[in-house]
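Chemist: Turn this into a model:
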Amino acid sequence: MDPTDAQTACFEAGIKFGSLYHQFAGTPLSPDSADSLARAMEEAIENQPHCEAVTVEVLTEELDRALADDPADYTELTGRFLDVEIVIDYEGTVVRTRMEMEDGYPLMRLVEVEG
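Modeler: Next comes the predicted model:
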């Protein structure tokens, strides 16, 4: 049995999140580089097929807390510093997804399927 358009759109969303997280995890992150890194992440993932929109927000308050007692002026990017939304459109089926921290883990979830 072939997957439905909604199933394929959800699969595509999972691929995008896996790519975003594992491609950028460990990247040096500082308050000065946060915005440019977020834009680079958005633009890189938006290149992929069926990707309509990517919004990456670096949680600067969390970043500031992490750096407060650290002798370095940067840290490495992990999910705790990110809030991400990805919108996929596959054959008219639109999938909205989100990644945010839950219980100390970057949880990627399906928010809505339309069409």
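Chemist: which residues does the residue most central in space within the chain contact?
Modeler: In the chain, the centroid-proximal residue (Cα atoms, centre = their mean) is Val84; its distance is 3.9 Å. Counting by Cβ atoms under 8 Å, 6 or more residues apart in numbering, Val84 touches Phe17, Leu20, Met41, Val54, Thr55, Val56, Glu57, Arg98, Met99, Glu100. Yep, even glycine has a C-beta here, placed from its N, CA and C like the rest.
Chemist: Report the buried residues of the helix or strand containing it.
Modeler: According to DSSP states H and E, Val84 maps onto strand 82-90. Across strand 82-90, burial judged by 16 or more other Cβ atoms under 10 Å covers Leu82, Asp83, Val84, Ile86, Val87, Ile88, Asp89, Tyr90.
Chemist: Adjacent strands (with direction) for it?
Modeler: Next to strand 82-90 in the sheet, as set by DSSP bridges, lie strand 51-58 (antiparallel), strand 93-102 (antiparallel).
Chemist: same question for the shortest one, mean pLDDT?
Modeler: I take that to be strand 51-58. For strand 51-58, mean pLDDT rounds to 97.
Chemist: Next secondary structure after it?
Modeler: Next along the chain after strand 51-58, taking DSSP H and E as the criterion, comes helix 60-67.
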